[in-house]
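# Would you be able to build a 3D model of this:
(6 chains)
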Amino acid sequence: MSRKPEKLIDKKGLRLDGRKPDELRPIKIEVGVLPNTDGSAYIQQGKNKILAGVYGPRELHPKHLALPDRTVLRCRYRMAPFSVQERKSPAPSRRDIELSKVIREALEPSVFLEYYPRTGIDIHIEVLQADGGTRCASITAASLALADAGIPMQDLVTACAAGKVDNTIVLDLMDTEDKEGGADVPVALMPNLNAITLLQMDGILSLEEFEKAANLALEGCRKIYPMQKEALKAKYVSVKEVEE
Amino acid sequence: MSRKPEKLIDKKGLRLDGRKPDELRPIKIEVGVLPNTDGSAYIQQGKNKILAGVYGPRELHPKHLALPDRTVLRCRYRMAPFSVQERKSPAPSRRDIELSKVIREALEPSVFLEYYPRTGIDIHIEVLQADGGTRCASITAASLALADAGIPMQDLVTACAAGKVDNTIVLDLMDTEDKEGGADVPVALMPNLNAITLLQMDGILSLEEFEKAANLALEGCRKIYPMQKEALKAKYVSVKEVEE
Amino acid sequence: MSRKPEKLIDKKGLRLDGRKPDELRPIKIEVGVLPNTDGSAYIQQGKNKILAGVYGPRELHPKHLALPDRTVLRCRYRMAPFSVQERKSPAPSRRDIELSKVIREALEPSVFLEYYPRTGIDIHIEVLQADGGTRCASITAASLALADAGIPMQDLVTACAAGKVDNTIVLDLMDTEDKEGGADVPVALMPNLNAITLLQMDGILSLEEFEKAANLALEGCRKIYPMQKEALKAKYVSVKEVEE
Amino acid sequence: MSSVIVGLKRKQIAQLIAKGKRLDGRGLTDYREIKVEQGIIERAEGSARVLLGKTEVLAGTKIEVGKPFPDTPNEGVLTVNAELVPLASPNFEPGPPNENSIELARVVDRGIRESKTIDFKKLCIKPGKKVFVVFVDVYVLNHDGNLIDASALAALAALLNTKMSNYEIEEDEVKIKPGYTPLTLTKHPIAVTFAKINDKLVVDPWLEEEQTMDTRLTITVDDEGNICAMQKGGTGYFTPKQVLEAAKIAGEKAGEIRKKLNW
Amino acid sequence: MSSVIVGLKRKQIAQLIAKGKRLDGRGLTDYREIKVEQGIIERAEGSARVLLGKTEVLAGTKIEVGKPFPDTPNEGVLTVNAELVPLASPNFEPGPPNENSIELARVVDRGIRESKTIDFKKLCIKPGKKVFVVFVDVYVLNHDGNLIDASALAALAALLNTKMSNYEIEEDEVKIKPGYTPLTLTKHPIAVTFAKINDKLVVDPWLEEEQTMDTRLTITVDDEGNICAMQKGGTGYFTPKQVLEAAKIAGEKAGEIRKKLNW
Amino acid sequence: MSSVIVGLKRKQIAQLIAKGKRLDGRGLTDYREIKVEQGIIERAEGSARVLLGKTEVLAGTKIEVGKPFPDTPNEGVLTVNAELVPLASPNFEPGPPNENSIELARVVDRGIRESKTIDFKKLCIKPGKKVFVVFVDVYVLNHDGNLIDASALAALAALLNTKMSNYEIEEDEVKIKPGYTPLTLTKHPIAVTFAKINDKLVVDPWLEEEQTMDTRLTITVDDEGNICAMQKGGTGYFTPKQVLEAAKIAGEKAGEIRKKLNW
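So this is what the prediction gives:
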């Protein structure tokens, strides 16, 4: 029932929440938050609140899905019924199913799958509150959950979107910008390898605008990457402190 | 479309169907009514008409559900579409699923599960007409169906509800009393062991009222118990007569 | 939204599409149209447009369905959402499920099931456009798809309906005749064996009318049979031509 | 039953039938005993329990307000549903309707619908918007063969027993008034099922015959002797001559049953 | 855990309880620490996160316009749903609700409904046509035992935190106006769960106790000390005396919790 | 195919591509032959069959009256559904849509929706209450690779072929009048899919290339050369340079296809 804003960028070039076009929302990341999982992470990005957890490598059920030469990565992205404006039915939507697929495919290139043949790794993502860009924040958190579970990886995967709003290319769109804006380009990156593992786009962008948006999104990923590493370190420091 | 009655207890202290507060509805029980099952029973309690049947112990499908040290008891409670005022969809409701669980848990303590490892016992309950108190009548019938199937048990399980209606604690609530009354306490008992295997409650009762209602329900169970044994005996007498 | 015609047979005794009562609609049959199947056929009968394809004999999934002494024939009849006036939901309807069953049972008597123990044969039928008589046209096509897949059979199965329209017994009812007419009798025949493998009826027919309609439908099958054989031959001639 | 026993049974049944006899003593075109009990489910608008030998079927009707189909905006709706209740046979699995229960429901449905037993025009409340929906729920309680005929009888008996609440229309809403009016039926369609065993037809097959039969044919006949529905089932075939023979017998059997039940 | 370890643990827990002690140091009727945090999901009409020891439950409410039930045309609707999120335990399978999550939701629902915590009459917009539907979604985020009590607390805390948009009715349509009004609750039903282990009752069982318990009893108590819901779970039994003992303790515990939380 | 054969095939394809060649003789950015046939399903409001080499897709449209989404009360609704029909490949299982058919439908949907090809405002009948719903059903009939491009072409061709019945509004009801009006489309979005094989990009991968590719990128381009949808699929990755290279080629290819089809 929220009214649509007339302008998404004000005269000073600032966005509805006061950010500059190339500014990320405040991000808070915590690793190792769910005691019953093998690895987990929590991310707040703007008003997004997302939990990711990992089980595995472990025996696969049903068994006939197991592969002789590598582990099977599965991913399940879901939104809590209260996470969005209109209550979401708990049954998986078509969007949930597509996002589960692209998130899995964004994470898979980072994992050494062949280390654990005949096993499975399950990634569960729960969006507790959604505010635009949940798929990117989910990837950022899920990659940390994999690391927290001790899964060997070539690199972390970091994700961020850029897009177009009132004819300006902006970073990290929040919900209103996503819905009322002109385009959204979510990107996932393995920063050390400069490898793009997720790329989607909707809206309308010229080739030049797309290039600008893609580069801005990659820049966003590179800003988030150190926060991921920091969060990972924080967990192991605190674990070490507890152990000492 | 039935109108709500103004009073559930009249000036003489009698209920809508003329019963006294501590009076059971007329009960008719028959054992061995379904030739294709391994054991079965039919109960009429007021206008409740319920069939219970048992298959097993038999091989479990799917096999991976089997347990090495005991039989697996399964229970399925369903209501016929025409059993209630508004047609019930044949798909299982959440209530059906909860009741299947609590009925199974009410019967399980009576069965020597460890006698038949790696097998399964299936209890099917079909409510053909519902008139309040179907879960209790179902337990009473299903326990007899288990006995009829020759499953070794420590005791029969007998069930009955008590509750509050117009500020009076009454036994064995019928549909209108259940819906318009103040509270309902269904109880299942293994009478010889004085063991309560089902206990639920909804409505509002003070601690004293609850104690009174629970005791009345237990009394009801103890009144029904001999009828169960009578019905079991009747079947085997008639079988013997046929054999002679 | 089509208006109902007042008369289905005009003064000259001709039908809405100009056919005589005992006349088939134009039929076009093609065999071997789907490269990824083991056998396939396409049929146009009036405005019906139907594809049938066969996979097998091949390993059955799930394996526990396999039979030690014969192959398992499965059949799936579906209508495309755009094949009918009101969009059909892609989920299988009760009609889809019944028709899948009767079509399978119409084809099964023609197949030497015992030649391929422990295997399965899957028949998939897709109605791309429906115009009355889809089950018969589906059988005609599916039998050819089985033959194209090299499945050993005693005979082809050919199907055709007859029925009553404005008190006249007519052959091969189209959609409007089926809906507005008085009766419909779909029949499937193994012509060489004079064996009826599908027979259904709805509407109202006297015994005499039924006999007349059944005989007309059988006559229809016998007219379609040579077209089936022609289509089969055409494929193998063209294959031979390609090979030479 | 093991496949060896089935084989022996099949041989025995076939040999008897060749001599015009059946394992349970019936003649080839004899029905088992039919018992019909109506009105046993008071909560339902109509109900009936049918015993056909040991086969037992309970049917109940419910009438609710619903929407008409787009192509028949002036007509009420009939919905027949059949449940193969697990109690009725160790081979009936719990779960959503499978092809057998769907076929059963649809054959029963067609017999009632095609014979024009119910005057659907009378069940229209507001054309295109609101009509009465008649639900017939068929509950198979014991399976000893020939579920179609038993279910068709139970459905018809339940409909004959159906009383609708009186009502009036107020501002497009249905208001219930006191009293009931029976649903008027104009026909009594009877389903007659044949099994083909060893190239012979028998009427009303029981379970052991069904387990050994080649194929099955149901013919539903109305009060005037017209055929209003047919359904071949099973994986065998019939000759054209057998079909016509069956159609003739079905008319006779339907008449006998209707007479016996005073319908 | 392997069954050998479970066996040892069971013995250890039972021996301690026989001495009136518990593995985590609590007394038999002590609750673990309870933390309640409200309003953490801004998108929801109300929300709360409850920690009961390490058990963590998040509940959120949503209010939408819907239809009343036919038998209560003047009352709003309460819908409680519980998700056993796979993150919360390696034993929680993804998929549609199973008997455990359905039982959990229904026990939480009954506690709120039967205690008349919500005045459903106030949630009626147009009798028989339009009412407000209050959705309470319970999300179990970490399972360390006693999900029922934690979920009931989270659901109640979320309801206490719920604000409805102001609205007016224009031509039978709900129009949202500026501002919010809190949902008024009249009661604070508290669920108190007991495990029976080796014939002794303990309050608020944690995961290891649940794995070894014989059976479970939940008693929900309102502000006046009245019982408004009960649910026995698990495959064991209680004696009548144990039930009455539990009912008495439940009243005391509910009072303590209500006091602690200032409800 | 056995994994050994796949391995050999992969090597062969990769070696060829390194030399700028492909197994079927095409250049790296060549499309297979495209054939479009419109109007072949007379029952549908619009239809088209597309052959992309041996890949065959049939799309049909249906237009019905439905409800708008709450957040766009003045706009009609587009619903794209894709069926991976079992006939099209031995690897397509019957059953409800899986992640592959859902992704396919959603990528096709986004191309049409985001390019603003359809003027949804014109499909509003009564704001917030009644709008036209355009169903596009994509039926994959033969799978020989690159289903996205073929499906997007078929969906667009079917929409271009779509005629709506004329109608008038009477008492809030849609009444059909004689005659038809074509659905007006303002754009022709073309999906261009790349496979990355051995670090090289090829356009319009066929089945054997898909079986050996590392990853996939689809870029949908409108008539002005703007990008309106993108979708990376598969478990590999792209470098930023490859993405920009693909975006440029996609614009050229889309123009060529549009020209060839006179769109």
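# leaving aside the residues next to it on the chain, what's closest to D:D214?
Among residues not flanking D:D214 along the chain, D:G236 sits closest, at 3.4 Å (CB to CB, 6 or more residues apart in numbering or on different chains). C-beta: built from backbone N, CA, C; applies to glycine.
# What of A:E23?
Closest to A:E23 by CB to CB, 6+ apart is A:L171, at 6.4 Å.
# give me the element A:T197 is part of.
In this assignment (DSSP states H and E), A:T197 forms part of strand A:195-205.
# For that strand, buried residues please.
Buried residues in strand A:195-205, counted by 16 or more other CB atoms under 10 Å in any protein chain shown: A:A195, A:I196, A:T197, A:L198, A:L199, A:Q200, A:M201, A:D202, A:G203, A:I204, A:L205.
# Closest to B:D38 out of those?
Nearest to B:D38, judged by CB to CB, of the buried residues of strand A:195-205 is A:L198 at 56.5 Å.
# so how far is stretch D:48-68 off the chain centroid?
Using CA atoms, centre = their mean, to the nearest Å, the mean C-alpha position of stretch D:48-68 is found 9 Å from that of the whole chain.
# How about stretch D:232-247?
Distance, centroid of stretch D:232-247 to centroid of chain: 19 Å (CA atoms, centre = their mean).
# Can you give me the buried ones in it?
D:232-238, D:240, D:242-244, D:246-247.
# wait, what's in contact with D:V80?
Listed by CB atoms under 8 Å, 6 or more residues apart in numbering or on different chains, the contact partners of D:V80 are D:A105, D:R106, D:V108, D:D109, D:I112, D:V136, D:D137, D:V138, D:A155.
# looking at the residues you listed, which has the most residues close by?
In terms of neighbours by other CB atoms under 10 Å in any protein chain shown, those top out with D:V108 at 32 neighbours.
# and it, what does it touch?
D:V108 touches D:V80, D:A82, D:V136, D:V138, D:I148, D:S151, D:A152, D:A155, D:A191, counting by CB under 8 Å, 6+ apart.
# what about 6 Å?
Applying CB atoms under 6 Å, 6 or more residues apart in numbering or on different chains to D:V108 gives the contacts D:V80, D:S151, D:A152, D:A155.
# now, which of those sits nearest chain A?
Closest to chain A out of the contacts of D:V108 is D:V80 (28.8 Å), distances taken as CB to the nearest CB.
# Okay, and the beta partners of the residue nearest to A:R104 when sequence neighbours are not counted?
Spatial nearest neighbour of A:R104, excluding adjacent residues (CB to CB, 6+ apart): A:C75 at 3.6 Å. Beta-bridge partners recorded for A:C75 (DSSP bridges): A:I123.
# A:C75 contacts A:I103, correct?
Yes - under the criterion of CB atoms under 6 Å, A:C75 makes contact with A:I103 at 5.3 Å.
# Who has more neighbours out of these two?
Neighbours per residue (other CB under 10 Å) separate A:C75 from A:I103, with A:I103 holding more: 28 against 24.
# Residue ranges in chain D under the pLDDT threshold?
Low-confidence segments of chain D, defined by pLDDT under 70: D:1-3.
# List the contacts of the most centrally placed residue in chain D.
Geometric centre of chain D, nearest residue: D:A152, 1.6 Å, by CA atoms, centre = their mean. Shown in contact with D:A152 (CB under 6 Å, 6+ apart): D:V108, D:G111, D:A191.
# Determine the number of other residues adjacent to residue 27.
You didn't pick a chain, so chain A it is. 19.
# Chain D is the one I meant
Neighbour number of D:G27 under other CB under 10 Å is 10.
# and the nearest residue to it once chain neighbours are set aside, helix, strand or coil?
Residue nearest to D:G27 in three dimensions, not counting chain neighbours: D:G20, with 7.0 Å by CB to CB, 6+ apart. Using DSSP: H, G, I helix; E, B strand; the rest coil, the structure places D:G20 in coil.
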